[in-house]
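Trainee: Just the structure for this:
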Amino acid sequence: MTRIAVVDNHGQFTHLEHRALRDLGVDTELVDNDTAPADLAAYDGLVLSGGPSMDRTGRCDEYLDLDVPILGICLGMQFIAAEYGGDVGSGEYGGYADVTVEIVDEKDPLVGSLAPETRVWASHAER
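Mentor: Residues are numbered from 1 along each chain as shown. Modelled structure (predicted):
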């Protein structure tokens, strides 16, 4: 069975992300973002959750060096983008939408079971 760790970056929906994976039958555990990277290496993938601030991402930079797929949600995605040289900043206004996400690799241990596509609710004000 696929094992996923949801890294808690102190976001308001982190527990819902964890529960959604669990409800899909994924063996998942919620871990704090100061967990030692070596303790996460045995997982099949990580989810970097949302959170209030880039200053509160704990050891997430170290997790990017692990040899596992990583999905960033909200702040987690922004963190990954910034770490790889992306530009993250505030948008002019917020937006909310029902969005269809295409899953391109149905064998991906993190999101493959959602293939060929899944619908998500997007609500952000980033650019």
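Trainee: use CA for all of it now, contacts and neighbours both
Mentor: Noted.
Trainee: State which strand of this structure is the longest.
Mentor: Under DSSP state E, the strand in the chain containing the largest number of residues is strand 90-102.
Trainee: In that strand, which residues are buried?
Mentor: Residues of strand 90-102 classed as buried by neighbour count (16 or more other C-alpha atoms under 10 Å): none.
Trainee: Pairing partners for that strand, with directions?
Mentor: strand 117-126 (antiparallel) (DSSP bridges).
Trainee: which residues sit against the strand it pairs with?
Mentor: Applying C-alpha atoms under 8 Å, 6 or more residues apart in numbering, the set of residues contacting strand 117-126 from outside is 88-103.
Trainee: Kindly report the same for stretch 16-34.
Mentor: Residues outside stretch 16-34 that contact it (C-alpha under 8 Å, 6+ apart) are 1-9, 15, 49, 57-60.
Trainee: which one in those is the model shakiest on?
Mentor: Within the contacts of stretch 16-34, residue 1 has the lowest pLDDT, namely 81.
Trainee: How about it, nearest residue that isn't a chain neighbour?
Mentor: Leaving aside its sequence neighbours, residue 1 sits nearest to residue 27 (C-alpha to C-alpha, 6 or more residues apart in numbering; 6.8 Å).
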